[in-house]
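K.L.:
would you be able to build a 3D model of this:
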Amino acid sequence: MMARVVSIAFLAALVFVGNSYAQEVALFSDFDNGSLGRWTKTADREIELTLSDDSGGAFFFFRIENVKDQTLRFVVPRAPAQLFPEYSLPFISYDQIHWTALRKRWIEPNTKGGQSTRYTFEAAFAQPRAWIASTPPFNNDFLDQSLQQYLEHPHLRVETLCESPLKKKPIQLLHITDPAQADEPKSVVFILAREDALEPASSWAAWGMLRFLLSDGPYAAAIKRRMHFVLLPLFDADGVAQGASGHPFPETGGPVFWTEAWPETQVSFYEQRRLKQWLQQWKDAGKKIDYALRLHSDNWGRDVLRREQAREEMQPAQDLLFINLIEQKYLPWRANADRVQPDTRFSKVVYDLFPDAVTGMMQFEFLFDQTLLPQQPLYKTTEDIQVEGEMVVRAFGESLNIQASDPPPYLLSAQASPLSRGDRNAYAFQCVYRDLNNRPPEYVRVVVDEETYELAPADATQADYARGVLYVGFAGMKNRDNTHYFTASNGSSTTRSPQVGVWPGPYWLGGEK
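P.N.:
Here you go, the predicted structure:
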């Protein structure tokens, strides 16, 4: 069987028997970023998954059909232990936009030994079709579709760096600035995301930067008058398209990496060479780069930022951005690694061409660091990762003394979960309320099918609103299929999660309502 396309004959062999009818269940991964090896029925309502070789054992993303009102268990019998640690969770979506963590998940030692674990999770399906992934994907199709809403924006210019050599995907540079202001005095920020295909959180963070910069707010407008952002939100387009852990697949075999200089002294892959050429041309045109930031993700590692190349005279500006602003104010749950000066790939390439540049790296993960709220692990949504991208842009603005006196509140880790396995009709709702000016909320609420429920602090002794305070509440479902969103006010402005639309669910799956 091919690694990513499941045969029709094999599909026909998998049939689950319900209470009153037989229903065929089918799995597919033959789409952009899809990734799955073999699958087979191993027990009643249980499917065993084998991960694709191309994924490096680190990633799965598939569509499942004909599953409404069924509860299925999925088993990955040999998942790499270091890539599926104890706090990792798979995600489910019915629209490929809103992703929800699947919390019924078990990790057990592999009885055959080795560096692998038996990774098991369960999903109760409310719709006939769903998508399941090891982490919320951000693929080429999603980028193309999402960009459509902004193509007429006067502050956005899209430049195609090149086409990817294998799948002919456009690799796009997104220039965001106010063209009414002269370019010369502006600071230029280059953001590179998704160097590695299996790191989708980095693309979500870059998209959050774009979403904020192209919003209608006065603070974003002020930043665009003083700064020119060049975003590359999805660099490894071929690796993403193929559902692979990385790219390229060189003819000589083995990985290839960034080299320090341009022209090159070693072999790197085509997209890297094109980006180096672009940087050289940018310099030859008399333009500059003041900041270069690499976005990465281990998906289930720690949130980290790291100061990289900067000459000694520029290190105070580097420390202001990374330590005083990002680490201490805007993303205080991040670990700040020591400054790194040796070869750090893209940062070194930028530094060699633009010696006045300040460079760095940030990792964006789907697990909040335990120091945020020690009493329980909190998981991030794709909305949260985008908000973290906004926080980075705000830090850049403040580094140029662009002040925001009245920032809005934020809601993070907004989610719903059933109170017990036996009563899916009763749900707990939670979110983290955060205000950068440490203002308490006038209210924090969840709205379920237009009915409002008040949320209260989980710990009445917590009052560090600048860092974040967990709010919780409970509600019973009146309908079988529901939608919900969270909203809060700091007394000056309101916010909601998601920012646009509603979260699907909760779904009451105990029977007809």
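K.L.:
now do the helices in the stretch 351-500 of the chain.
P.N.:
Secondary structure of the stretch 351-500 of the chain (DSSP state H, counting those that start in this stretch): helices at 382-399.
K.L.:
shaky segments in it?
P.N.:
Judged by pLDDT under 70, the stretch 351-500 of the chain has its weakly predicted residues at 370-371, 373-375, 420-425.
K.L.:
what about 80?
P.N.:
Applying pLDDT under 80 to the stretch 351-500 of the chain flags the ranges 369-376, 418-426.
K.L.:
and the strands in it, which stretches?
P.N.:
Here the stretch 351-500 of the chain has its strands, by DSSP state E, counting those that start in this stretch, at 358-365, 410-420, 423-434, 443-448, 451-454, 456-457, 469-476, 481-489, 494-497.
K.L.:
now for the third one, which elements pack on it?
P.N.:
When contacts are defined as 3 or more Cβ pairs under 8 Å, 6 or more residues apart in numbering; DSSP states H and E, strand 423-434 sits against strand 410-420, strand 443-448, strand 469-476, strand 481-489. Heads up, the C-betas are built off the backbone N, CA and C, glycines and all.
K.L.:
hang on, the earlier thing: what's the most buried one of the strands of the stretch 351-500 of the chain?
P.N.:
When the strands of the stretch 351-500 of the chain are scored by mean count of other Cβ atoms under 10 Å, the highest mean neighbour count falls to strand 358-365 (a mean of 26).
K.L.:
partner strands of that strand, parallel or antiparallel?
P.N.:
Sheet pairing here is set by DSSP bridges, and for strand 358-365 it gives strand 291-299 (parallel), strand 304-307 (antiparallel).
K.L.:
returning to that earlier point: wait, which of the strands of the stretch 351-500 of the chain is closest to Val240?
P.N.:
Of all these, it is strand 358-365 that lies closest to Val240, at 16.3 Å by Cβ to Cβ.
K.L.:
now Lys276: phi and psi?
P.N.:
Backbone torsions for Lys276, taken as degrees, to the nearest 10, come to phi -60, psi -40.
K.L.:
and it, what pLDDT?
P.N.:
pLDDT, Lys276: 92.
K.L.:
roughly how far does it sit from Gly491?
P.N.:
Separation of Lys276 from Gly491 (Cβ to Cβ, to the nearest Å) stands at 50 Å.
K.L.:
ok, these two, which is more surrounded?
P.N.:
Ranked by neighbour count (other Cβ atoms under 10 Å), Lys276 and Gly491 place Lys276 first, with 21 against 12.
K.L.:
quick check: the more buried one vs Asp356, distance?
P.N.:
Noted for Lys276: a distance of 19 Å to Asp356, by Cβ to Cβ.
K.L.:
please apply the same query to Gln386.
P.N.:
Using Cβ to Cβ, Gln386 is found at 30 Å from Asp356.
K.L.:
what do you get for Ile402?
P.N.:
In terms of Cβ to Cβ, Ile402 sits 20 Å off from Asp356.
K.L.:
kindly report the same for Arg394.
P.N.:
According to Cβ to Cβ, Arg394 and Asp356 sit 23 Å apart.
K.L.:
more neighbours: which of these two?
P.N.:
Arg394 (22 against 13).
K.L.:
follow-up on the earlier one: now render the helices and strands packed on strand 423-434 as CSV, adding distance to Cys431.
P.N.:
Formatted as CSV, the helices and strands packed on strand 423-434 follow (distance: least, Cβ to Cβ, whole Å):
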stretch, distance to Cys431
strand 410-420, 4
strand 443-448, 7
strand 469-476, 6
strand 481-489, 5
